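> Attaching a predicted model along with its sequence, questions to come.
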Amino acid sequence: MSDRKDIALRRAESLQKRHAAETRFRWYGRAAISFGMLCIVFLFTDIFSKGAGAFQQTYIDMEIHFDPEVLGLTPQSTPAEIEQASFGSFFKKALRQQYPDLTSRKEKRQLYGLVTSDMPLTLRNQVMAEPSLIGTTKSIRMIADDDIDVYYKYSYGRDNEDGTSVGRATELQQSIVAELAQQGRIGTRFNNTFFTAADSREPELAGIKGAIVGSMLTLMITLIISFPIAVATAIYLEEFAPKNKLTDFIEVNINNLAAVPSVIFGLLGLAIFINFFGLPRSVPLVGGLVLSLMTLPTIIISSRAAIKAVPPSIRDAALGMGASKVQTVLHHVLPLALPGMLTGTIIGMAQALGETAPLLMIGMVAFIVDVPASVGDSATVLPVQIFLWSDSPERGFVEKTSAAIMVLLTFLIFMNSFAVWLRKRLERRW
Amino acid sequence: MTERFQTVGNPLLEDPKMRVRNASVFYADKQAIFDVDLDIGKNQVISMIGPSGCGKSTFLRCLNRMNDTIDICRVEGQLELDGQDINDRKIDVVELRARVGMVFQKPNPFPKSIYENVAYGARIHGLTDNKVQLDDLVEQCLQRCGLWKEVKDRLHEPATGLSGGQQQRLCIARAIAVNPEVILMDEPCSALDPIATATVEELIHELSQNFTICIVTHSMQQAARVSERTAYFHLGKLIEVNDTSKVFTNPEHQLTEEYITGRIG
Amino acid sequence: MTEELKFGGHISRQFDEELDEIRSRVLKMGSLVEEQLEKTLTALREMSPASISGVSKLDRKVNKMEMKIDEECTQILAKRQPAAGDLRLIIATSKSVRDLERAGDEAEKVAHMVKRALENDTSPNLYKGLQDLVEQVEELLHATLDTYARMETRSAVHNMRLDQAVDAEYGRVIFRLVEIMKNDSDSVSDALDVMWAARSLERIGDHCINICENVIYLVEGEDVRHTKFKEIEDQLS
């Protein structure tokens, strides 16, 4: 009896220790998760607070008189004549008419700098589309210059303690903005340009459409090349290859390849695809090829895991009925492994979407103002665009950078949730 | 080299369906089966019993060359089906497995519909010409396995939704759909409850009129109930083969006696 | 079967114990029947019915034990599903117990018959021959129980020979009784009583042989009932 009592006592003691250890362990876990969540919240707040502004664009309404004399045009002028006309000087003059007190060159330059330098072109296009405008006066909504944009969005109407303002808007410009604001002729609207334009030197005209399309084209190439190759490799290695030293060696190499720094794949691509095969630089085709090399091991490894997870009883069942090896794989193993393979593929794609380094190596870092139309056109991709913008000195690009990061994160979250959804959807119990 | 072990009882038969002579199986260097001689009679149920690891399942898997799927496994000796060597290069293993079907320990229906499970074998072997014939075949096989009434309204629902016993009967239906001559069963009831076991045993009894059945089982009572002959394996050797009634009342070999009375396991 | 039959060594030690228990109960039951015969014999020797008084009580005990052993056999069949030697042991025991119980009934009958004869002062002439018969039957019963205890075929066959001797002795007793009845018609009713007793003794011998046959079945797995003695000897040699 006393033995039993003693044992009970010891047990109670050790139980207490165990409970303590468990509680402690739970708290370690909670601390780790909180730290992670904190980092994410910090990252997101930073990016969102910086990037939210990029989705808004400042505009200025100006009365423009389309003076036939200054333009040297009549409503009956041909498009060729409109093309010839000097809209640059006309626009400057029109602005000067609104602010006749500004006389010095310096002041005039600041006046012109209120709106985007692209404005004469926009006006010409409007006249081209509607020649009857000539001789009339119309209120035109203009995109503000990035300095004005930044000033209006972040400094105007707020008391900055040290009296400074964000951006490079001059005092003169600031006073004009204040005047415009009083008249209700300056404001913000949704920034369409950001989603419809490609890159530009002018922050107010720069967009990410070119980068998004470039990323899509690159990923398409990556998917088309890496998925079939990876699946075929995985099936062969798992189902058909004899287990010997050679296959062991191959397996080790595939696993190793997954850990090779991506910049090395870029160098490889540069050497093989561009220098050896002579493919053009900075095109999605080459980018896709390089990223395929990089994602192949990821997809192979996850596909093999998916095939391994198919219960052997299913293979036995098929083989026992007289199905051949290929029939067994195609009819039974592959359908069951497919969700896992697709999940791995999507994760690999998401990884490829966020990859920058190898693409820098093959020249996808070029400044490209056109949206690529095919895989053979020069293009850039989202992460590279982010890299480029983050490097630009203009204050206007800061918020663009963050906004582009937000777009990239949205894509990544979307792809990863799609992977989860796909797995849940296709997963079957056996 | 030790002297060859002599199986007691009557392992040999006149005009057997399958004839096994001198069969040995090796896993890499380890010998798992030692010189087995055994005849399997036509339309007979023969059960193989023995302690775990005695080689009874390995032996069973030799009969339709399922051991081929294991790289390190090597089979020696003469194995014949209707007088034809099954390890002959001329015999296609696909053809052999169509003639010698198999039912496994764990019910393993394909994760497809009930209908597809039964139709699969007929499809891959091209046994039917059109949908009507295939429908007939599926119905017929499910009828024979006593499943038709239970599943006819949900033929196109997943087979994995059936109960364990139903799944195992479905696997048997799937096996007989290719009309094999021999059906190998590797502990077909070990994952089933007693009621499901009884239905499967009843089915085995019915099928024995048209099929030759070899059943490996851990349950001695099951061997006693379903089989006409019983073979006792011990450490890779075939110790005794006799009529089931003899083995379970008065076995000839001491080891058989000890095993079936629960002295070794 | 060359190996000795053994009943121990099961993985389930409880099963071993249950089987041991049954076997020792059978022997105990056998000894009760023996005791009945022993009391009768004493009575015959001492020419006094005093020793016979407890016989009915013994027989009730035997009956109870039969039920008890049968119950245990049923339990083992239900719980253990015995096979081979174990199965034969249970079947043989279950049958033997019935034979023992019948033998007990017969022994009780003999005892009462003897008691009545002694109390009615029946002529000792009539039952004098009975003493040898009782002695032989007792010896046979003892040997049978021994055979059961040791599970031995050889002694079983030997017991069959003893039974033949019993049968011969029975014949002699009957012959003498018939002679007496022919000469002395007054003694017919008493003689018939003794005859019934002799008949019961002979039946006990037969029950013993049934038990021996069960032992042979148990050991050899051969059913030797309704087989000529000569054939049995040939079969087992």
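Thanks, I have it. Quick caveat, the model's predicted, so the values are computed rather than measured. Numbering: from 1, shown residues only, chains lettered A, B, ... in the order given.
> For residue C:130, grab the count of nearby residues.
Using other CB atoms under 10 Å in any protein chain shown, residue C:130 is surrounded by 24 other residues. All C-beta spots, glycine's among them, are computed from the backbone N, C-alpha and C.
> got it, and residue A:80?
Neighbourhood size, residue A:80 [other CB under 10 Å]: 7.
> try residue A:45
Applying other CB under 10 Å, we find 10 residues neighbouring residue A:45.
> what about it, which SS state?
Under the three-state scheme (DSSP: H, G, I helix; E, B strand; the rest coil), residue A:45 adopts helix.
> Give me the pLDDT value at it.
At residue A:45, the pLDDT value in this model is 93.
> Please tell me how far it sits from residue A:198.
29 Å (CB to CB, to the nearest Å).
> cool, and residue A:210?
With CB to CB as the criterion, residue A:210 and residue A:198 are 3 Å apart.
> what do you get for residue A:143?
Distance check for residue A:143 against residue A:198: by CB to CB, it reads 16 Å.
> likewise residue C:57?
Residue C:57 is 117 Å from residue A:198, by CB to CB.
> neighbour-wise, which of the two wins?
residue A:198 (23 against 10).
> List the residues that contact the more buried one.
Contact analysis of residue A:198 by CB atoms under 8 Å, 6 or more residues apart in numbering or on different chains lists A:206, A:207, A:209, A:210, A:211, A:368, A:369, A:370, A:371.
> for it, helix, strand, or coil?
coil.
> again, but for residue A:282
Going by three-state DSSP: residue A:282 is coil.
> nearest residue to it other than its sequence neighbours?
residue A:363 (3.9 Å; CB to CB, 6 or more residues apart in numbering or on different chains).
> Counting neighbours, what do you get for that neighbour?
18.
> which residue does chain B bring closest to chain C?
Distance from chain C to each residue of chain B (CB to the nearest CB) is smallest for residue B:250, at 3.0 Å.
> Now do the buried residues in the helix of greatest length in chain C.
If you go by DSSP state H, chain C has its longest helix at helix C:84-119. For helix C:84-119, a neighbour-count test (16 or more other CB atoms under 10 Å in any protein chain shown) marks C:84-115, C:117-118 as buried.
> what does stretch C:158-166 give?
Across stretch C:158-166, burial judged by 16+ other CB under 10 Å covers C:159, C:160, C:162, C:163, C:166.
> Quick check: the third one is in a helix.
It stands for residue C:162. Yes. Assessed by three-state DSSP, residue C:162 belongs to a helix.
> Against chain B, how distant is the closest residue to it other than its chain neighbours?
Counting by CB to CB, 6+ apart, residue C:162 lies nearest to residue C:140, which is 4.7 Å off, once chain neighbours are set aside. Distance, residue C:140 to chain B, using CB to the nearest CB, to the nearest Å: 27 Å.
> try residue A:265
35 Å.
> Tell me where the model's unsure across chain C.
Within chain C, the ranges that satisfy pLDDT under 70 run C:1-6, C:237.
> How many neighbouring residues does whichever residue of it sits closest to chain B have?
The nearest approach of chain C to chain B comes at residue C:221, 3.0 Å away (CB to the nearest CB). When neighbours are defined as other CB under 10 Å, residue C:221 has 18 of them.
> Can you tell me the number of residues neighbouring the residue nearest to it when sequence neighbours are not counted?
Spatial nearest neighbour of residue C:221, excluding adjacent residues (CB to CB, 6+ apart): residue B:250 at 3.0 Å. Neighbour count of residue B:250, defined by other CB under 10 Å: 20.
> what does residue C:154 give?
There are 12 residues near residue C:154, going by other CB under 10 Å.
> for residue A:78, same thing?
Residues lying near residue A:78 (other CB under 10 Å) number 10.
> Residue A:91 now?
23.
> next one: residue A:404
By the criterion of other CB under 10 Å, residue A:404 has 28 neighbours.
> The one 4 residues further on now?
Neighbour count for residue A:408, taken as other CB under 10 Å: 21.
> Spit out the contact partners of the residue most central in space within chain C.
Among the residues of chain C, the one closest to the centroid is residue C:208, at 4.0 Å (CA atoms, centre = their mean). When contacts are counted by CB under 8 Å, 6+ apart, residue C:208 touches C:99, C:103, C:137, C:140, C:141, C:143, C:144, C:159, C:163.
> what's the distance between residue B:259 and chain A?
27 Å.
> burial count for the closest residue to residue B:201 other than its chain neighbours?
Leaving aside its chain neighbours, residue B:201 sits nearest to residue B:226 (5.2 Å; criterion: CB to CB, 6+ apart). Counted with other CB under 10 Å, residues neighbouring residue B:226 total 25.
> before we move on, the earlier item: please name the nearest non-neighbouring residue to the residue nearest to the centre of chain C.
residue C:144 (4.1 Å).
> quick one, the helix or strand where that neighbour lies and helix C:84-119 angle?
Secondary structure assigned from DSSP states H and E places residue C:144 in helix C:130-150. Helix C:130-150 runs at 160 degrees relative to helix C:84-119, counting by axes from the mean of the first three to the mean of the last three CA atoms, to 10 degrees.
> can you give me the offset of the helix or strand hosting residue A:20 from its chain's centre?
Following DSSP H and E, one finds residue A:20 within helix A:2-51. Mean C-alpha position of helix A:2-51 versus that of the full chain (CA atoms, centre = their mean, to the nearest Å) differs by 37 Å.
> now do stretch B:221-230
13 Å.
> Around chain B, which positions in the stretch 301-430 of chain A sit nearby?
Contact residues, the stretch 301-430 of chain A versus chain B (CB under 8 Å from any CB of the partner chain): A:311, A:313-324, A:327, A:331-332, A:336, A:428-430.
> Can I have the buried ones of those residues as a PyMOL selection?
A single PyMOL command selects the buried members of those (16+ other CB under 10 Å):
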select buried, chain A and resi 313+314+315+316+317+318+319+320+321+322+323+324+327+331+332+336
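> So which of the residues of the stretch 301-430 of chain A next to chain B sit within strands?
Among those, DSSP state E puts none in strands.
> ranges for the strands of chain B?
B:8-9, B:18-27, B:30-40, B:45-49, B:73-81, B:84-85, B:100-103, B:182-186, B:212-216, B:229-234, B:237-243.
> So which bits of the fifth one are buried?
So the one you mean is strand B:73-81. B:73, B:75, B:77, B:79, B:80, B:81.
> Now tabulate the residues you listed in a markdown table and tack on pLDDT.
Compiled in a markdown table, these are given as follows (pLDDT from 0 to 100):
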| residue | pLDDT |
| --- | --- |
| B:73 | 89 |
| B:75 | 91 |
| B:77 | 91 |
| B:79 | 92 |
| B:80 | 92 |
| B:81 | 92 |
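> Distance to residue A:14 added to these, as a markdown table?
Conversion of the buried residues of strand B:73-81 to a markdown table gives the following (distance: CB to CB, whole Å):
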| residue | distance to residue A:14 |
| --- | --- |
| B:73 | 48 |
| B:75 | 54 |
| B:77 | 58 |
| B:79 | 59 |
| B:80 | 64 |
| B:81 | 63 |
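> Might you report the residue contacts of residue C:92?
Residue C:92 neighbours (CB under 8 Å, 6+ apart): C:214, C:215, C:217, C:218.
> Repeat that for residue C:180.
By CB under 8 Å, 6+ apart, the neighbours of residue C:180 are C:125, C:126, C:187, C:191.
> can you pick the most crowded of those residues?
Highest neighbour count within these, by other CB under 10 Å: residue C:191, with 24 neighbours.
> Next up, the contacts around that residue.
C:126, C:177, C:180, C:181.
> Of the residues you listed, which is the nearest to residue A:123?
Nearest to residue A:123 among the contacts of residue C:191, counting by CB to CB, is residue C:177 at 152.9 Å.
> For the closest residue to that closest one other than its chain neighbours, what is the enclosing helix or strand?
Of all residues not flanking residue C:177 in the chain, residue C:191 sits nearest, at 4.9 Å (CB to CB, 6+ apart). For residue C:191, the host element (DSSP H and E) is helix C:188-220.
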